[in-house]
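**Q** no FASTA, just this:
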């Protein structure tokens, strides 16, 4: 399996990407999966170097997919209904969650800042 050294992948680069391709990015630190419904929990949980993850408007990744991303510092779940507050305890380095004010994830208190999207 070839590996890629890219540290950032944006929405345009991941729109149709699937698990078999995403796992090649072993050095990935920042990943934007906005509207991507082809990457699954299995593919995402192998990207343990991620520090920034955008799952806005995404409905395939669940708590299981991000629970092993212990280096995650920022998480965007704007209009995402599959990530719950239960996973937040498993992300010790999480500093900021981006979400809309009416999302249930806002009910969870923790050592991170909730950064609202308007």
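**A** That came through, no problem. All figures in this text were calculated on a predicted structure; none of them were measured in a lab. Numbering: from 1, shown residues only.

**Q** give me the element residue 20 is part of.
**A** With the criterion set as DSSP states H and E, the secondary-structure element containing residue 20 is helix 19-22.

**Q** identify the residues contacting that helix?
**A** Under the criterion Cβ atoms under 8 Å, 6 or more residues apart in numbering, residues 9, 14, 31, 38, 39, 40, 42, 43, 44, 47 lie in contact with helix 19-22. For the C-beta atoms, the positions are set from N, CA and C on the backbone; glycine is no exception.

**Q** tell me, how many residues neighbour the third one?
**A** A count of neighbours around residue 31, defined by other Cβ atoms under 10 Å, yields 26.

**Q** give me the neighbour count for residue 5.
**A** Look at residue 5: counted by other Cβ under 10 Å, it has 8 neighbours.

**Q** surely it touches residue 27?
**A** Yes - under the contact definition of Cβ atoms under 8 Å, residue 5 touches residue 27, with a separation of 5.3 Å.

**Q** quick check: the two most widely separated of the contacts of helix 19-22?
**A** Every pair in the contacts of helix 19-22 was compared (Cβ to Cβ); the two farthest apart turn out to be 9 and 42, at 17.4 Å.

**Q** compare the two and say which is more crowded by neighbours.
**A** The neighbour comparison of residue 9 against residue 42 (other Cβ under 10 Å) goes to residue 9, with 19 against 11.

**Q** the more buried one touches residue 30, doesn't it?
**A** Yes - here residue 9 reaches residue 30: they are 7.3 Å apart, a contact under Cβ under 8 Å.

**Q** what touches both of those two?
**A** Overlap between the contact sets of residue 9 and residue 30, as judged by Cβ under 8 Å, 6+ apart, is nil.

**Q** so, low pLDDT: which residues of the chain?
**A** 1-3, 101-118 (pLDDT under 70).

**Q** hey, where'd the strands end up in it?
**A** With DSSP state E, the ranges of strands along the chain come out as 8-9, 30-32, 52-54, 74-76, 96-100, 113-117.

**Q** export those strands to a markdown table and append columns for distance to residue 61.
**A** Putting those into a markdown table (distance: least, Cβ to Cβ, whole Å) gives the following:
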| stretch | distance to residue 61 |
| --- | --- |
| strand 8-9 | 14 |
| strand 30-32 | 11 |
| strand 52-54 | 9 |
| strand 74-76 | 11 |
| strand 96-100 | 15 |
| strand 113-117 | 18 |
